[in-house]
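> My questions concern the predicted model and sequence given below.
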Amino acid sequence: MAPERIDALVVAAQGGDHEAFTGLVVECYPQLAGFLAFHAPTPEMMDELVQATLVTAFERLREYQPTGPFAGWLKGIARNLLRRELARLTRLTQSDLAAIEGLLADAALRDLDGGTPDGAEQDDLLARLRRCFERLSPRTRQIAERRFIDAVPLNRLAQQFKQSRPAIAKILFVVKRDLRRCAAAGAPAP
């Protein structure tokens, strides 16, 4: 559609013509959706942001000044909404990571406070722990060995195993918990 026609639809929509705004949506949707599909990390986020952009555009339509293309104005709204959503997700990820690290630290403190067995009891516990460790899947066992034996940092493990740092931290937390239960009960690790 010609820019003049889009500008005419904008003027009509600013005057309260809802069908004119619908015409703008039909004309600008493919370009807006393409922009967000390229930048949004998931299709679901892209869909949500397209809708949020159109709602925001409808609410702020009176603020639009035809100094540039209408589609550019929509993309500006979309860019700001996307930036805000990505920042929110980053904060959530950081708080999830802090929670996981807190759980790992709490488990380590409980280990320290629990004391250690001695003599034959410790040998028996180590033998049970080895049996439980060998029942882990090869990949999980490799992650645990790299972290607990080789002391590889979580960031490097996440890169090597192509998972997020919180995902690796969760795997390690579950491994420690399951090994502790298995060794204490003498039962197979889940």
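Structure's in. What do you need? Numbering: from 1, shown residues only.

> Distance from stretch 75-83 to the middle of the chain?
Averaging C-alpha positions (Cα atoms, centre = their mean, to the nearest Å) puts stretch 75-83 19 Å from its chain's average.

> Can I get it in PDB, CA atoms only?
Backbone C-alpha positions of stretch 75-83 (Å, rounded to 0.1, in the frame of the first residue of the first chain) are rendered in PDB as follows:
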ATOM      1  CA  LYS A  75       8.600  -1.100  15.100                       C
ATOM      2  CA  GLY A  76       9.800   1.500  17.600                       C
ATOM      3  CA  ILE A  77       7.000   0.500  19.900                       C
ATOM      4  CA  ALA A  78       7.800  -3.200  19.300                       C
ATOM      5  CA  ARG A  79      11.500  -2.600  20.000                       C
ATOM      6  CA  ASN A  80      10.800  -0.900  23.300                       C
ATOM      7  CA  LEU A  81       8.400  -3.700  24.400                       C
ATOM      8  CA  LEU A  82      10.900  -6.400  23.400                       C
ATOM      9  CA  ARG A  83      13.700  -4.700  25.200                       C
END
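
> Contacts for it, please.
For stretch 75-83, the external contacting residues (Cβ atoms under 8 Å, 6 or more residues apart in numbering) are 31-32, 35-36, 39-40, 45, 49-50, 52-53, 56-57, 60. Placement of C-beta: from N, CA and C, glycine included.

> ok, residue 6 - how many residues close by?
Neighbourhood size, residue 6 [other Cβ atoms under 10 Å]: 18.

> ugh, wrong one, I meant residue 27
16.

> average model confidence for the helix or strand where it lies?
Assigned by DSSP states H and E, residue 27 belongs to helix 18-39. Across helix 18-39, the average pLDDT comes to 87.
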